[in-house]
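Enquirer: Kindly generate the corresponding structure for this input.
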Amino acid sequence: MSTAVILEVAAIGVVCAIAFNIRMAAVNKYGMVIHEFDPWFNYRATEYLVDNGYSKFSTWYDDKVWWPLGRPVGSTVYPGMMITASTLYKGLNAIGITVSLNDVCVLIPAVFAMFSCVWTYALAREVTKCRISAVLTGLLMAIVPAHLMRSVAGGYDNESVAIPSLCATLYLWIRSIRSETSWPYGILAGISYTYLVATWGGYIFVVNIIGVHVAALLFMGRISDTVVKSYTAFLVTGVIGALQVPIVGWAPLRSMEQICPIGVWMVMLLMKAHSLVKVPRKYRGLVWNSFVAIGAMIGFVIFSKISTGEFWAMSARVRALFIQHTRTGNPLVDSVAEHRSPGFGVFLYYLHSLFYFCLVGCASFLDYPRSNGKIFVVLYFLCGAYFSIKMIRLVILFAPAAAICGGQGLYLAFGWVTRNFDLNSMQADLDQQQEDDKKKKVDKSKNKESTPSKSTAKEKKKKIEQIEAKKGSVGEEESMIDNAITELVNDSKETISEWFNDLGTTKHTVVIAITVACLFSMYQFGYHCFRMSHHLSEPQIIVTNQNGTIMDDYREAYWYIRDNTPEDSRILAWWDYGYQINGVANRTTIADGNTWNHEQIALLGRALILPEKPAHEIARHLADYVLVWSTRHAGMWGDDIAKMPHMARIVASVFSDVEASDYSFQNNNEPTEAMTDSLLYKIHSHGIKEADPPAGDLTLFEEFFTSKNKMVRVFKVLDTDKESKNHPVGSYPPALQDVVNEIKPFGKA
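Expert: Down below sits the predicted model:
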């Protein structure tokens, strides 16, 4: 083993250590705590899987959520992460390493982040063929906030396991098209993709970006037998594997979001068949027109079948990527913060100064020798950047592309600086410049003859680049698009080179300035990553105020409910908090963080935004207690009062008698009369002297618990209906039918 290989392996080991340690900030501060909302559902589901096995898990109908309907968990979740955590927990304990399930779930994001770094390093190594650039890529992937945001310890969410499998799938895809004998890696890419499908809904991006890559290769005339075999192996293996995941079902063959890669595959096979069959020149036009006609007919049939349900239209979340945010038509989707469009500022927040190095690296991949792998990275970078701008949650999809382009950009930038930053040569150039100035005064014409013209130098450089271009494209058919890119890159390089050479002695000042700028920006980037690692690691379930005081009101409230209420108690709270109530308080909820039942979320929202008496007519049949977040009493304004306009829009989308505009804040940030009359406001501010305006008295609800810092309030529902509570799970109790009959399924209201 050579010294270079040993150093490379050691460097990747250091990168993995950095990736793990930078994600442990929350554990070091708060201990082994699971964060946020969704991770609590994931933990509870994993716990059920460990206790009951996969057979029961796959058919689990949970009657403690979405009461009184319940939820078929086994067929509505991506089980990959739960299976992974369960396997690790059982495996570690089997070999004598005693560890709790909670600790396994807390540490999985930090551990799997190391795998993400290794796979991203491998992808960069495959594309760039450069050790230094690949190691820099791994380092950037370890610390960039775009990756940190979903991979800190305690953030036991699907992305923490999905991103490593995403990176593995992309690496195996690029590896499969390296040479004529490498196509079997396409099968491994399909297997890795299957694991990704079982883990996270973001798998749709992966299959589509690979499809876009193949489509680009078709247009650029770079399709080879290896690409055909690799794509076929990947797509067939991946689709068959995806069909085995219960929540996915037939979506790979019926969803508009996933049919396009199959369409690309069919076009590729048709073009390959056309190239193998020698068609007389006079019939070629007829053949191509036939292909186009058949394709148009297939497309027409697919779109016509959408209305019948045989093919599925795009979901609201995917549709939101192509239209202006808050106009998806679904107020429930629009109310979720992570679905919002952050705009260009997302790059400065999650990439900081690295973004500018990303641009350099991305542009360099268009230069010769151009490869299919480099074309893929450029497409990945552009698509990832677009989706990051459209939805903040998808920034994590952009992280691997940003790390690869950023690593290459850093390598090129500091390589250029190293070549040009030479103090001896700078002094020599200054002396030479002074000597040349003297000679020009003595014999101007002689100096012109001895100096090669710019046009001559330009012609020589062009010839060299043409030779390199031929070497880089041996065995590949050049297309007009490929040639246009080459010409654009060459012209840009010549323009920059001429500008730099024309600077004369000033160019040394430019080199020094660029060197200082690069070093300073990397220092700022490193500091930003360190600061962001602590910020992103802060758990939502425990907060620290501006004075540094830890406020544990949420768990305090959940623990109080767990210890002081009957086990069959039902808690009515806004759907955001359902996962935590189930996971920490171990009590039944009316809705949780899943958005599968829009109408029931609207029903519980109606109980919160109506005045006390009509709200009680709903609540007494649904719940025993009402829980409200009231964090503005502790100086944090993002509580349930702030969410009430969103609640009203969701309610109005189902109940026609509710006017969403009645629930809004006036110009002076004061709530409207409808808001202050609501049950939510009265529970939120009941008995609080500082409340402005003051809340009225409650006669049908009784205060049960208020947390230490008044961040959570729980009220008991008086005169609950026992018949409704004893009603079998699976349908609404008869006493609620009048309200339920007012519901118009979303989209028809």
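Enquirer: Quick check: buried residues in stretch 603-614?
Expert: By neighbour count on 16 or more other CB atoms under 10 Å, the buried set for stretch 603-614 is 603-610, 612. Glycine gets a C-beta too; all of them are placed from N, C-alpha and C.
Enquirer: ditto for stretch 611-630
Expert: 612, 615-630.
Enquirer: just stretch 491-507 next, same as before
Expert: Lys507.
Enquirer: same question, stretch 537-549
Expert: Buried residues in stretch 537-549 (16+ other CB under 10 Å): 537-539, 541-543.
Enquirer: Next step: these restricted to helices.
Expert: Members of the buried residues of stretch 537-549 lying in helices (criterion: DSSP state H): Ser537.
Enquirer: The host helix or strand of Leu519 - contacts with which helices or strands?
Expert: Secondary structure assignment for Leu519, by DSSP states H and E: helix 506-537. With contacts taken as 3 or more CB pairs under 8 Å, 6 or more residues apart in numbering; DSSP states H and E, helix 506-537 sits against helix 25-30, helix 131-143, helix 145-148, helix 354-364, helix 395-420, helix 423-442, helix 480-501.
Enquirer: Now tabulate the ones you listed in JSON lines and tack on mean pLDDT.
Expert: Formatted as JSON lines, the helices and strands packed on helix 506-537 follow (pLDDT from 0 to 100):
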{"stretch": "helix 25-30", "mean pLDDT": "94"}
{"stretch": "helix 131-143", "mean pLDDT": "96"}
{"stretch": "helix 145-148", "mean pLDDT": "96"}
{"stretch": "helix 354-364", "mean pLDDT": "93"}
{"stretch": "helix 395-420", "mean pLDDT": "91"}
{"stretch": "helix 423-442", "mean pLDDT": "56"}
{"stretch": "helix 480-501", "mean pLDDT": "74"}
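Enquirer: Specify the stretch among these that is closest to Met675.
Expert: helix 395-420 (33.4 Å; CB to CB).
Enquirer: now the closest one, how far from the chain's geometric center?
Expert: Relative to its chain's centre, helix 395-420 lies at 21 Å (CA atoms, centre = their mean, to the nearest Å).
Enquirer: same check, this time on stretch 211-229
Expert: Averaging C-alpha positions (CA atoms, centre = their mean) puts stretch 211-229 26 Å from its chain's average.
Enquirer: Quick one: mean pLDDT over it.
Expert: Per-residue pLDDT over stretch 211-229 has a mean of 92.
Enquirer: Identify each buried residue in it, please.
Expert: Of the residues in stretch 211-229, 211-218, 220, 222-224, 226-229 count as buried by neighbour count, 16+ other CB under 10 Å.
Enquirer: Those in helices, which ones?
Expert: 211-218, 226-229.
Enquirer: so how far is Ala623 from Pro745?
Expert: 23 Å (CB to CB, to the nearest Å).
Enquirer: now swap in Asn597 and tell me
Expert: Taken as CB to CB, the span from Asn597 to Ala623 is 16 Å.
Enquirer: ok, back up a step: can you say which of the helices and strands packed on helix 506-537 is nearest to Met266?
Expert: helix 480-501 (21.5 Å).
Enquirer: which residues touch the residue nearest the centre of the chain?
Expert: Residue closest to the mean C-alpha point of the chain, counted by CA atoms, centre = their mean, is Leu394 at 2.9 Å. When contacts are counted by CB atoms under 8 Å, 6 or more residues apart in numbering, Leu394 is found next to 202, 205, 321, 384, 387-388.
Enquirer: again with Ala402
Expert: Contacts of Ala402 by CB under 8 Å, 6+ apart are 140, 144, 146, 351, 354-355, 358, 381, 384.
Enquirer: among those, who's most crowded?
Expert: Neighbours here mean other CB atoms under 10 Å. Within these, the largest count is held by Leu140, at 32 neighbours.
Enquirer: Could you list which residues are in contact with the closest residue to that residue other than its chain neighbours?
Expert: Using CB to CB, 6 or more residues apart in numbering and skipping the chain neighbours, the partner closest in space to Leu140 is Ala403 (4.2 Å). Contact analysis of Ala403 by CB under 8 Å, 6+ apart lists 120, 124, 137-138, 140-141, 144, 147.
Enquirer: quick one: which of those residues is nearest to Gly583?
Expert: Nearest to Gly583 among those, with distances taken as CB to CB, is His147, at 25.7 Å.
Enquirer: My read is that the closest one contacts Met114, right?
Expert: No. Using CB atoms under 8 Å, His147 is not in contact with Met114; the gap is 11.3 Å.
Enquirer: Which one of the two is surrounded by more residues?
Expert: Set side by side, His147 and Met114 show more neighbours around His147, with 29 against 23, by other CB under 10 Å.
Enquirer: tell me the contacts of the more buried one?
Expert: Counted by CB under 8 Å, 6+ apart, His147 has contacts 113, 116, 141, 163, 396, 399-400, 403.
Enquirer: Kindly supply the PyMOL command isolating those of those that are buried.
Expert: Buried residues within these, by 16+ other CB under 10 Å, are selected in PyMOL with:
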select buried, resi 113+116+141+163+396+399+400+403
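Enquirer: between the contacts of His147, which is closest to Tyr195?
Expert: Closest to Tyr195, out of all of these and judged by CB to CB, is Ile163, at 12.0 Å.
Enquirer: re earlier: for the contacts of His147, which one is nearest Tyr579?
Expert: Of the contacts of His147, the one sitting nearest to Tyr579 (CB to CB) turns out to be Ile396, at 20.1 Å.
Enquirer: what residues are up against that closest one?
Expert: By CB under 8 Å, 6+ apart, Ile396 lies in contact with 146-147, 149-150, 159, 163.
Enquirer: And Ile541, by the same measure?
Expert: Going by CB under 8 Å, 6+ apart, the list of residues near Ile541 reads 33-36, 40, 554-555, 580, 584.
Enquirer: mind checking how far Asp624 is from Glu703?
Expert: Remark: distance between Asp624 and Glu703 (CB to CB) = 14 Å.
Enquirer: swap in Gly13?
Expert: Distance check for Gly13 against Glu703: by CB to CB, it reads 56 Å.
Enquirer: How about Leu379?
Expert: Look at Leu379 and Glu703: by CB to CB, they are 58 Å apart.
Enquirer: Give me the more crowded residue out of these two.
Expert: Taking neighbours as other CB under 10 Å, Leu379 and Glu703 compare with Leu379 leading, 19 against 13.
Enquirer: What strand or helix carries that one?
Expert: Going by DSSP H and E, Leu379 is part of helix 372-390.
Enquirer: What helices and strands are in contact with that helix?
Expert: Using 3+ CB pairs under 8 Å, 6+ apart: helix 372-390 touches helix 101-128, helix 158-176, helix 203-219, helix 345-350, helix 354-364, helix 395-420.
Enquirer: could you dump these to CSV with distance to Ile590?
Expert: Converted to CSV, the helices and strands packed on helix 372-390 look like this (distance: least, CB to CB, whole Å):
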stretch, distance to Ile590
helix 101-128, 26
helix 158-176, 24
helix 203-219, 30
helix 345-350, 34
helix 354-364, 43
helix 395-420, 31
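Enquirer: Out of those helices, flag the one nearest Ile375.
Expert: Per CB to CB, nearest to Ile375 of the helices and strands packed on helix 372-390: helix 203-219, 6.1 Å.
Enquirer: can you list contacts of that closest one?
Expert: 162, 166, 169-170, 173, 193, 196-197, 223, 227, 231, 234-235, 238, 242, 252, 257-258, 260-261, 264-265, 267-268, 271, 318, 372, 375-376, 379-380, 383, 387, 394, 397, 479, 481.
Enquirer: May I have that helix as CSV, with CA atoms only?
Expert: Extracted C-alpha coordinates of helix 203-219, given in CSV (Å, rounded to 0.1, in the frame of the first residue of the first chain):
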residue,chain,number,x,y,z
TYR,A,203,-36.5,8.8,-3.5
ILE,A,204,-38.5,10.4,-6.3
PHE,A,205,-35.7,12.9,-6.7
VAL,A,206,-33.1,10.2,-7.2
VAL,A,207,-34.8,8.2,-9.9
ASN,A,208,-35.7,11.4,-11.7
ILE,A,209,-32.2,12.9,-11.6
ILE,A,210,-30.7,9.7,-13.0
GLY,A,211,-33.4,9.8,-15.6
VAL,A,212,-32.5,13.4,-16.4
HIS,A,213,-28.9,12.4,-16.7
VAL,A,214,-29.7,9.7,-19.2
ALA,A,215,-31.9,12.1,-21.2
ALA,A,216,-29.1,14.6,-21.3
LEU,A,217,-26.7,12.0,-22.6
LEU,A,218,-29.2,11.1,-25.3
PHE,A,219,-29.4,14.7,-26.4
